[in-house]
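> pasting the sequence and the predicted model now:
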Amino acid sequence: MSDNTDFSQSEVRVSRMLANPDDPWVSVHAIAEYEFCPRAGLLAFENKRADDDDEPPAFDILPRFELEAIERVLGERRRAFFRWLWMFLSLAIGGPMASKLQQPAIVVLIGVGMVLVSYRILNVAWDIVELLKQRHIALTSRCHEPDPYSEEFQPVNWFGLLNLGFESIRLPEALTDHDWRFDGKPWRILRKGSLTIPVFRTRSPQERPHDQQLVKIMAYCRLVSVCVKSECPYGIILTGEDCSGVAVPNHARYRKRFHDSLVAVRNLALAAKYRSEGNVPANFQCCGACPLGAPRRVSRGLRVQRLGAPVKVFSAGGWNGKMYHCDCGDRFQWTPPYKGSDRGDR
């Protein structure tokens with residue numbers, strides 16, 4: 001009898017995750033935002049906001065996370081340095097010649113050109129120094145390979161993992177789970193042998209991952225297991241700017257929080273589709289630091305969406321007499337108690 005009861009309870013736990021054909025698709029970002037605050041989760045769903053760890057093109061930022069890219073850009077900067085240096089020397093030689101020919105206008109132009117070229121040389125030299133530092137870190141970083149059977153957090157280092165033989169892969173598109181109707185794209189995945197490990201980055205160092213981040217990494221582990229069909233015993237969260245991080249075990253105690261958030265945000269999104277979501281609860285402990293409550297001038301910025309249409313602005317007066325609003329305030333028609341700070345892990 002007890003065996004049958006246990007089997008029935010297990011079936012209930014599994015079946016609640018299966019989505020119905022008319023259930024909305026939700027993103028990993030929306031699931032993680034819901035764990036932070038239900039209102040943030042609904043805003044992320046309704047406005048189709050992508051994961052904040054996706055990397056937009058940034059041509060002015062030096063590469064930091066792939067040794068091959070560092071080596072490539074380092075070679076480009078070195079060649080640029082010598083080109084600018086040759087131009088500076090040419091101008092330096094041309095200056096005295098123009099002076100002897102009594103051409104003051106040309107002398108002035110050469111002087112201005114030397115200043116501009118000097119500025120470019122210093123910029124490129126700074127890039128080279130930074131790239132050499134990053135190259136040194138990439139070549140010398142070490143860490144222990146995470147134990148796939150451990151149930152504890154394990155410290156890791158990004159380049160240490162690459163030096164252990166893990167292959168870094170940037171996915172071209174999001175992974176999708178059709179049974180649970182959610183999708184998302186990790187910042188990277190690491191592969192070694194039969195292992196495929198999802199990785200995402202946060203913006204600030206911390207001793208222990210927040211619940212929101214645990215939900216996100218468990219969601220990515222599920223996507224990797226379903227879509228890549230590979231072993232995924234843990235996921236990795238990189239913290240801060242020093243390439244260090246933590247391996248989070250793909251354990252039932254962390255998966256349950258992810259399961260709860262997925263079901264909850266799915267139900268909330270479905271209710272919002274029919275305008276029956278009611279008064280969505282807020283996590284008031286996080287309101288003061290939530291960027292969704294950051295005020296901006298009424299005349300600036302895009303407005304948030306609900307059911308594909310912009311919502312009415314809910315404005316409030318500032319100390320300077322001008323009118324302000326925010327995303328959360330517009331969507332839920334209230335004034336969040338924003339205090340001007342920002343959470344690094346969001």
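Done, it's in.
> when you work out contacts or count neighbours from here on, use the C-alpha atoms and nothing else.
Will do.
> wasn't residue 200 part of a helix?
No. Per DSSP: H, G, I helix; E, B strand; the rest coil, residue 200 lies outside any helix segment and is strand.
> surely it is in contact with residue 238?
Yes. Contact criterion Cα atoms under 8 Å: residue 200 and residue 238 qualify, at 6.2 Å.
> beta partners for residue 168?
Judged by DSSP bridges, the bridge partners of residue 168 are residue 190.
> ignore the last one, residue 306
When assigned by DSSP bridges, residue 306 has beta-bridge partners residue 309.
> so where's the chain uncertain?
1-15, 52-61, 95-103, 107, 204-205, 240, 299-301, 318-321, 341-346 (pLDDT under 70).
> can you pull out the strands in the stretch 101-250 of the chain?
With DSSP state E, counting those that start in this stretch as the criterion, the stretch 101-250 of the chain has strands at 154-157, 167-169, 175-177, 182-184, 188-192, 195-201, 234-239, 244-249.
> in the third one, which residues are buried?
Looking back up the chat, that one is strand 175-177. For strand 175-177, burial by neighbour count (16 or more other Cα atoms under 10 Å) applies to 175-177.
> now tabulate those in JSON lines and tack on distance to residue 305.
Below are the buried residues of strand 175-177 laid out as JSON lines (distance: Cα to Cα, whole Å):
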{"residue": "175", "distance to residue 305": "25"}
{"residue": "176", "distance to residue 305": "24"}
{"residue": "177", "distance to residue 305": "25"}
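> distance between the ends of stretch 164-177?
Taking Cα to Cα, to the nearest Å, the first and last residues of stretch 164-177 lie 30 Å apart.
> so for that stretch, what gets flagged as buried?
So stretch 164-177, judged by 16+ other Cα under 10 Å, has buried residues 166, 168, 175-177.
> is residue 31 in a helix, a strand, or coil?
Three-state assignment for residue 31 (three-state DSSP): helix.
> contacting residues for it?
Residue 31 makes contacts with 41, 215-216, 258, 261-262, 265, as judged by Cα atoms under 8 Å, 6 or more residues apart in numbering.
> repeat the analysis, applying 7 Å as the threshold.
41, 261-262, 265 (Cα atoms under 7 Å, 6 or more residues apart in numbering).
> likewise for residue 72?
Shown in contact with residue 72 (Cα under 7 Å, 6+ apart): no residues.
> and it, how far from residue 141?
For residue 72, the distance to residue 141 equals 20 Å [Cα to Cα].
> kindly report the same for residue 213.
Remark: distance between residue 213 and residue 141 (Cα to Cα) = 25 Å.
> circling back to that earlier point, inside helices: which ones of the contacts of residue 31?
Applying DSSP state H to the contacts of residue 31, the entries found in helices are 41, 261-262, 265.
> in JSON lines, list the residues you listed along with distance to residue 86 and neighbour count.
Below are those laid out as JSON lines (distance: Cα to Cα, whole Å; neighbours: other Cα atoms under 10 Å):
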{"residue": "41", "distance to residue 86": "56", "neighbour count": "27"}
{"residue": "261", "distance to residue 86": "60", "neighbour count": "23"}
{"residue": "262", "distance to residue 86": "60", "neighbour count": "26"}
{"residue": "265", "distance to residue 86": "60", "neighbour count": "25"}
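> before we move on, the earlier item: of all the contacts of residue 31, which comes closest to residue 315?
residue 41 (21.9 Å; Cα to Cα).
> does that closest one really touch residue 27, like I thought?
No. Judged on Cα atoms under 7 Å, residue 41 makes no contact with residue 27 at a distance of 9.6 Å.
> list the contacts of residue 266.
Contacts for residue 266 (Cα under 7 Å, 6+ apart) come out as 24, 26.
> and residue 225, by the same measure?
Applying Cα under 7 Å, 6+ apart to residue 225 gives the contacts 231-232.
> how about a cut-off of 10 Å?
Residues near residue 225 by Cα atoms under 10 Å, 6 or more residues apart in numbering: 177, 196-198, 219, 231-233.
> cool, and residue 179?
17-21, 226.
> relative to residue 50, how far out is it?
Separation of residue 179 from residue 50 (Cα to Cα) stands at 21 Å.
> what does residue 237 give?
Counting by Cα to Cα, the gap from residue 237 to residue 50 is 18 Å.
> who has more neighbours out of these two?
Using other Cα atoms under 10 Å, the more surrounded residue of residue 237 and residue 50 is residue 237, with 25 against 15.
> joint contacts of residue 41 and residue 27?
Joint contacts of residue 41 and residue 27 (Cα under 10 Å, 6+ apart) are 33, 49, 265-266.
> nearest to residue 126, of the buried residues of stretch 164-177?
Closest approach between those and residue 126, by Cα to Cα: residue 168, at 27.3 Å.
> is it true that the closest one touches residue 68?
No. Here residue 168 does not reach residue 68: they are 11.1 Å apart, not a contact under Cα atoms under 10 Å.
> tell me which of residue 213 and residue 141 has more neighbours.
A direct count of neighbours by other Cα under 10 Å for residue 213 and residue 141 places residue 213 higher, at 22 against 17.
> residue contacts, that one?
Taking Cα under 10 Å, 6+ apart as the test, what residue 213 contacts is 32-33, 35-36, 200-202, 219, 237, 258, 345-346.
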